[in-house]
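K.L.:
sequence unknown, structure follows:
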DNA sequence: AGACTAACCTGAAAGC
DNA sequence: TGCTTTCAGGTTAGTC
């Protein structure tokens, strides 16, 4: 599932395909809860608009338009942004049970019934598509100067925050640290996988009450989180995307991931079987020996 | 305010 | 083989 690193990679790859181009027309699927702005309104507002920039906040992408409006995009769990004839990072869920979807490379990146938004440009060049099988993604048009509660709710971007900031928020929470990490109002951009990986690297059990963490632990946790995310961006987001090379070789994911979806497999540090528990309706994988 | 839960959605995988 | 059930998860809304 796309978390901060995957969204950032998507931004980097998509920006050159969007910026400076003028939208001629769009196509959408039928109105649904995927569209925070109804398709009819999107059609009116987007045609003729030039995209000036593509920015990211947490897991949100924001296409800045030449009239000051902004197109807010969220990939949800299975969202994919891609362009005609341009290979991009594929984002798909892992199974959460120790393996990634086996035929992950077989599908996607072909416009189909799940392609809810299609942007066509006046230069006749490659169209840009937003596909999302599960429709957990979101599209919203923000008028110039309009406020957006979803964005205003977000805490500091996970890559920009400091341990002290996390500690300040954690002190007030008796919920498990895992849940606090996933709270986008505390840190924007963290999802299940990087939360688990960061907790492992910081040696903290996911169920630990957030308020019991020391400032030093919070600093280590933020350091671990940022290291994991930066490394993921560096390796092409391989730790989430099901990126598989044409010869079937895996991307960097397996080398980077230490606990997520490794239930029952030996810890890479101590060989203790990785344990999986459920916290707040989400699976959490950790090493009972390395994380105390 | 924080904690907790259900709901949204669909494909893959597991179970029978 | 094929049908049924389970599961994954980001976010929000609603309840306590």
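P.N.:
All right, it came through fine. Computed from a predicted model, the values in this text were never measured in an experiment.
K.L.:
from now on I want contacts and neighbour counts done on CA atoms only, so please keep to that.
P.N.:
Noted.
K.L.:
mean confidence score for stretch A:225-237?
P.N.:
Stretch A:225-237 comes out with an average pLDDT of 89.
K.L.:
now find how far off-centre that stretch is within its chain.
P.N.:
In terms of C-alpha atoms, centre = their mean, to the nearest Å, the centre of stretch A:225-237 is set 12 Å apart from its chain centre.
K.L.:
now that stretch: buried residues?
P.N.:
Under the neighbour-count criterion of 16 or more other C-alpha atoms under 10 Å, stretch A:225-237 has A:225-226, A:228-233, A:235-237 buried.
K.L.:
in strands, which of the residues you listed fall?
P.N.:
Residues of these located in strands (DSSP state E): none.
K.L.:
any idea how far the closest residue to residue A:172 other than its chain neighbours is from residue A:179?
P.N.:
Leaving aside its sequence neighbours, residue A:172 sits nearest to residue A:211 (C-alpha to C-alpha, 6 or more residues apart in numbering; 6.1 Å). Distance, residue A:211 to residue A:179, using C-alpha to C-alpha, to the nearest Å: 12 Å.
K.L.:
which ones among the buried residues of stretch A:225-237 lie within helices?
P.N.:
Among the buried residues of stretch A:225-237, DSSP state H puts A:225-226, A:228-233 in helices.
K.L.:
dump those residues to CSV, plus distance to DNA strand C.
P.N.:
Supplementary listing: those in CSV, determined by distance: C-alpha to the nearest atom of the strand, whole Å:
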residue, distance to DNA strand C
A:225, 14
A:226, 16
A:228, 15
A:229, 14
A:230, 17
A:231, 18
A:232, 15
A:233, 16
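K.L.:
out of these, which is nearest to DNA strand B?
P.N.:
Among those, residue A:225 lies closest to DNA strand B (C-alpha to the nearest atom of the strand), at 20.1 Å.
K.L.:
residues in contact with the closest one?
P.N.:
Shown in contact with residue A:225 (C-alpha atoms under 8 Å, 6 or more residues apart in numbering): A:158, A:194-195, A:197-199.
K.L.:
just these that are near DNA strand B?
P.N.:
Among the contacts of residue A:225, no residue lies close to DNA strand B (C-alpha under 7 Å from any atom of the strand).
K.L.:
comparing residue A:211 and residue A:179, which shows the higher neighbour count?
P.N.:
Neighbours of residue A:211 and residue A:179, each counted by other C-alpha atoms under 10 Å, are more numerous for residue A:179; the result is 22 against 17.
K.L.:
for that one, phi and psi?
P.N.:
Torsion angles at residue A:179 (phi, psi; degrees, to the nearest 10) stand at phi -70, psi -40.
K.L.:
ditto for residue A:62
P.N.:
Torsion angles, degrees, to the nearest 10, at residue A:62: phi -130, psi 110.
K.L.:
which ones are touching it?
P.N.:
Counting by C-alpha under 8 Å, 6+ apart, residue A:62 touches A:54-56, A:70-73.
K.L.:
of these, closest to residue A:143?
P.N.:
For the contacts of residue A:62, the residue nearest residue A:143 by C-alpha to C-alpha is residue A:70; the value is 6.5 Å.
K.L.:
distance of that closest one from DNA strand C?
P.N.:
Going from residue A:70 to DNA strand C by C-alpha to the nearest atom of the strand, to the nearest Å gives 16 Å.
K.L.:
which of the contacts of residue A:62 sits closest to residue A:34?
P.N.:
Using C-alpha to C-alpha, the contacts of residue A:62 come closest to residue A:34 at residue A:73, 10.2 Å.
K.L.:
find the nearest non-adjacent residue to residue A:224, please.
P.N.:
Distances taken as C-alpha to C-alpha, 6+ apart place residue A:198 nearest to residue A:224, at 5.1 Å, with adjacent residues excluded.
K.L.:
neighbouring strands for the helix or strand hosting residue A:64, and are they parallel or not?
P.N.:
Using DSSP states H and E, residue A:64 falls within strand A:60-65. Paired with strand A:60-65 in the same sheet, following DSSP bridges, are strand A:51-57 (antiparallel), strand A:70-74 (antiparallel).
K.L.:
number of residues surrounding residue A:123?
P.N.:
11.
K.L.:
correction: the previous question concerned residue A:131.
P.N.:
Residue A:131: 25 neighbours (other C-alpha under 10 Å).
K.L.:
ok so, going back, need the winner for burial among the strands paired with strand A:60-65.
P.N.:
strand A:70-74 (a mean of 22; mean count of other C-alpha atoms under 10 Å).
K.L.:
great, nothing more from me.
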